[in-house]
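Peer 1: 3D model of this:
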Amino acid sequence: MVESVATNSLLGHRVLYGGIPVKDASCRRRSPDMCRFPPTAFLGRRVVVTSVLPRVRVDAALVSSIKALAMELTKEAYSYREEERIPRNLNYETGLDVDRKPGLWPPENRADDPSLHNPLLRQERMGCGWLGAIFEWEGVLVEDNPDFEKQAWLALSQEEGKSHPPAFILRRIEGMKNEQAISEVLCWSRDPAELRRMAARKEEIYQALQGGVCRLRDGSREFVNVLMHYKIPMALVSTRPKKVVENAIGAIGIKGCFNAIVAAEDVYRGKPDPEMFVYAAQLLQFIPERCILFGNSNQSVEAAHDARMKCVAVASKHPMFELGAADLVVRHLDELSVVDLKNLADTEMAEFGSRELELEMEEEVETDPDRSSLATVDDNFW
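Peer 2: Now for the predicted structure:
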């Protein structure tokens, strides 16, 4: 009986908590060795407690090797997940209409055509010298204050003894030349000499209100420097007198950045007529389809599309949702990249059309004898 009690008793056995640290009444953390029952022996009716067995020490090298193995297994598991998400072997196919995976390098570039066998021509297409940038002055590169423009027109109308133009008329003449606005919209005079005099007086009033101070918009200088770095030709367009524009360019420190300047003296009409932008493209020696206009109003967007140019609208005085007709709408110019400009100036897009396809269709129509004979029979019948 004593032997059966000894075998079934907890005396002489380790506590079955697996070596988990425990706390005593003083809330102190104790090792599991402190909770070990000493070995016992039964001698008749007495229980004899022997000395405590020596502590078993765990080899530190064995523990470190187990930890290292666990870390390697963890790394292999995470690397397997990464390979599933982003494959290491990016076998891109060369071509213009390849569906590339988003977020992976290299980015899509429609300007490059791997089918071209002339390396010089392909290098030229990969560069940026085949597109031009046309900038408006106020509201795009420098800050614009439309209140000064309205006050100048109101002051001129008071000096000339004319009725004050209403707000919708002032919105309509935004971007026009002064002579064009006075003769076609305000209808104050048709005499060329009077038109020049009133236009010059209105410009004097505006410059007096502005104080001759021009301040670059945020991101404008950085964007111009990027275009200069990639050797993209640039033109500046404004309805202000050329002397005023040149002085302002020199004052803000971007003189020499533009290959051409188109001012009020160079054209007959302003926006929404595309005359200014077409002339700027001619000065840059580019076709209009290869030019990108940077404007800040719907009149600029209309003029650019009439000239078959792409337009990037800068939301400086209008909210972005009002400029939705533009090809791109940004708040500041530094939000754009050179890749965006090259994609915009790509004339191989469907909306530009293909002249060669039109010629082929015309030849097919002319060389179809059946259709021509049917047409003659119908004409004779009627």
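
Peer 1: surely Ile134 and Pro288 touch.
Peer 2: No. Look at Ile134 against Pro288 with Cβ atoms under 8 Å: they stay out of range, at 9.5 Å. No exception for glycine: its C-beta is placed from N, CA and C like everyone else's.

Peer 1: okay, the two: which has more neighbours?
Peer 2: Neighbour count, other Cβ atoms under 10 Å: between Ile134 and Pro288, Ile134 has more, with 32 against 20.

Peer 1: how about Ala199: what's its closest non-neighbour residue?
Peer 2: Asn178 (3.5 Å; Cβ to Cβ, 6 or more residues apart in numbering).

Peer 1: next, count neighbours for that neighbour.
Peer 2: 26.

Peer 1: I am assuming it contacts Glu204, so please confirm or correct that.
Peer 2: No. Taking Cβ under 8 Å as the definition, Asn178 is not a contact partner of Glu204, at 10.9 Å.

Peer 1: the stretch 51-200 of the chain: helices as residue ranges?
Peer 2: Using DSSP state H, counting those that start in this stretch, the helices assigned to the stretch 51-200 of the chain run over residues 60-85, 119-126, 146-160, 167-172, 178-180, 192-210.

Peer 1: how about the residue nearest to Ala199, what does it touch?
Peer 2: Taking Cβ atoms under 8 Å, 6 or more residues apart in numbering, we find Asn178 in contact with 198-199, 202-203, 239, 264.

Peer 1: make a PyMOL selection of whichever of those turn out to be buried.
Peer 2: Restricted to buried positions by 16 or more other Cβ atoms under 10 Å, the PyMOL selection for the contacts of Asn178 reads:
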select buried, resi 198+199+202+203+239+264
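
Peer 1: farthest pair within the contacts of Asn178?
Peer 2: Met198 and Thr239 (14.8 Å; Cβ to Cβ).

Peer 1: run through the stretch 201-350 of the chain and note the low-pLDDT ranges.
Peer 2: Filtered on pLDDT under 70, the stretch 201-350 of the chain yields the residue ranges 346-350.

Peer 1: rewinding a little: now do the shared contacts for Ile134 and Pro288.
Peer 2: 277, 281, 309.

Peer 1: can I assume the second one sits in a helix?
Peer 2: Yes. Under DSSP: H, G, I helix; E, B strand; the rest coil, Ala281 falls within a helix.

Peer 1: number of nearby residues for it?
Peer 2: By other Cβ under 10 Å, neighbour count at Ala281 equals 26.

Peer 1: tally of neighbours for Phe148?
Peer 2: Neighbour tally, Phe148, other Cβ under 10 Å: 16.

Peer 1: if I look at the residue lying closest to His332 once chain neighbours are set aside, how far off is Val338?
Peer 2: Leaving aside its sequence neighbours, His332 sits nearest to Gly219 (Cβ to Cβ, 6+ apart; 3.8 Å). The spacing between Gly219 and Val338, counted by Cβ to Cβ, to the nearest Å, is 15 Å.

Peer 1: which residues in the stretch 201-350 of the chain form strands?
Peer 2: In the stretch 201-350 of the chain, the segments counted as strands under DSSP state E, counting those that start in this stretch are 234-237, 260-262, 291-295, 310-314, 328-330.

Peer 1: possible to save the ones you listed as TSV with distance to Glu302?
Peer 2: Formatted as TSV, these follow (distance: least, Cβ to Cβ, whole Å):
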stretch	distance to Glu302
strand 234-237	15
strand 260-262	18
strand 291-295	10
strand 310-314	9
strand 328-330	15
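
Peer 1: which one of those strands lies closest to Ser65?
Peer 2: Smallest distance to Ser65 across the strands of the stretch 201-350 of the chain (Cβ to Cβ): 58.1 Å, for strand 328-330.

Peer 1: look up the pLDDT of Leu10 for me, please.
Peer 2: Predicted confidence (pLDDT) at Leu10: the value is 46.

Peer 1: also Ile86?
Peer 2: The predicted local confidence for Ile86 is 43.

Peer 1: try the one 10 residues further on
Peer 2: At Leu96 the predicted local confidence, pLDDT, stands at 38.

Peer 1: can you check Asn89 too?
Peer 2: pLDDT, Asn89: 46.

Peer 1: repeat for the one 10 residues further on
Peer 2: You'll see Asp99 listed with a pLDDT of 42.

Peer 1: gap between the nearest residue to Gly139 once chain neighbours are set aside and Gly253?
Peer 2: Excluding the flanking residues, the one nearest Gly139 by Cβ to Cβ, 6+ apart is Asn296, at 3.6 Å. To Gly253, Asn296 is 22 Å away according to Cβ to Cβ.

Peer 1: okay, those two: which has more neighbours?
Peer 2: Asn296 (26 against 10).

Peer 1: wait, that one touches Asp144, no?
Peer 2: Yes. If you go by Cβ under 8 Å, Asn296 and Asp144 touch, sitting 7.1 Å apart.

Peer 1: can you check which residues contact both of these two?
Peer 2: With Cβ under 8 Å, 6+ apart as the test, Asn296 and Asp144 both reach 138, 316-317.

Peer 1: from those, pick the one nearest Gln158.
Peer 2: Distances from Gln158 to these, taken by Cβ to Cβ, are shortest for Glu138, at 23.9 Å.

Peer 1: can you pull the contacts of Met320?
Peer 2: 329, 331.

Peer 1: so how far is Ser183 from it?
Peer 2: Applying Cβ to Cβ, the value for Met320 to Ser183 is 34 Å.

Peer 1: what do you get for Arg308?
Peer 2: 28 Å.

Peer 1: kindly report the same for Gly212.
Peer 2: For Gly212, the distance to Ser183 - Cβ to Cβ - is 28 Å.

Peer 1: who's more crowded, the two?
Peer 2: Ser183 (19 against 10).
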